[in-house]
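Trainee: the sequence and its predicted three-dimensional model are supplied below.
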Amino acid sequence: MRHNAAGATDTNDESRAEVDFLKRYIHYCRSQCAPRLSESAQERLAAYYVEIRDEARKACERDDSDTPPVPVTVRQLEAIIRISESLAKMALQTTGNIAHAESAIKLFQEPTH
C-alpha cells in the first residue's frame, strides 16, 4: 500500500492486483476445468424438467385451454445444465453435484427485471 502526501492510503494498487488475480483465476478455470454433471445432478435436472412440464400441462387442463403449454423448453434445460457446470467450474470441481444443480434451478426460477 502506498500513502499519498495527505496520508491517505492508495488502494489503486490493491484493486489492480485483485482484478489481475480474478482475470488469471477465470483464465485458469476456463482452460483447466471442464466439469460434467454427476448422475444424481443429471437426475435432479431431468426431474425438474418433468415437474415443470407436468405443472403446465395440469394448468392447461384446468383452464380448458386449447393452446399447448410450453413452460420450459429443451433449450432452457440445456441452459440450466450449463449453469450447473459453470458453478462447478468456478469451484474448480471436476464434477457438478446436486448442490450445483439446485443452485442452477434457483437461478433459473429467479425473475429477471
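Mentor: Structure received.
Trainee: and whichever helix or strand A99 is part of, what does it pack onto?
Mentor: When secondary structure is defined using DSSP states H and E, the element that contains A99 is helix 98-109. Applying 3 or more Cβ pairs under 8 Å, 6 or more residues apart in numbering; DSSP states H and E, one finds that helix 98-109 contacts helix 39-62, helix 74-90. Any C-beta I mention is one placed from the backbone N, CA and C, and that applies to glycine too.
Trainee: next, name the residue at the spatial heart of this protein.
Mentor: The chain has I83 as the residue nearest its centroid, 3.2 Å off, counting by Cα atoms, centre = their mean.
Trainee: my read: it touches Q109, true?
Mentor: No. Counting by Cβ atoms under 8 Å, Q109 is not a contact partner of I83; they are 11.6 Å apart.
Trainee: pull up the overlap in contacts between these two.
Mentor: Shared contacts of I83 and Q109, defined by Cβ atoms under 8 Å, 6 or more residues apart in numbering, are not found at any residue.
Trainee: contacts only, for A34.
Mentor: K89.
Trainee: do you know how far F21 is from I83?
Mentor: The gap separating F21 from I83 is 24 Å, by Cβ to Cβ, to the nearest Å.
Trainee: no, scratch that, I was asking about S40
Mentor: Here the distance between S40 and I83 works out to 17 Å (Cβ to Cβ).
Trainee: can you pull the contacts of the residue lying closest to L92 once chain neighbours are set aside?
Mentor: If you skip the residues right next to it in sequence, L92 has C33 as its closest partner in space, 5.5 Å away by Cβ to Cβ, 6 or more residues apart in numbering. Residues near C33 by Cβ under 8 Å, 6+ apart: 88-89, 92-94.
Trainee: so which of these is the most crowded?
Mentor: The most neighbours of any of the contacts of C33, using other Cβ atoms under 10 Å, belong to A88, which has 26 neighbours.
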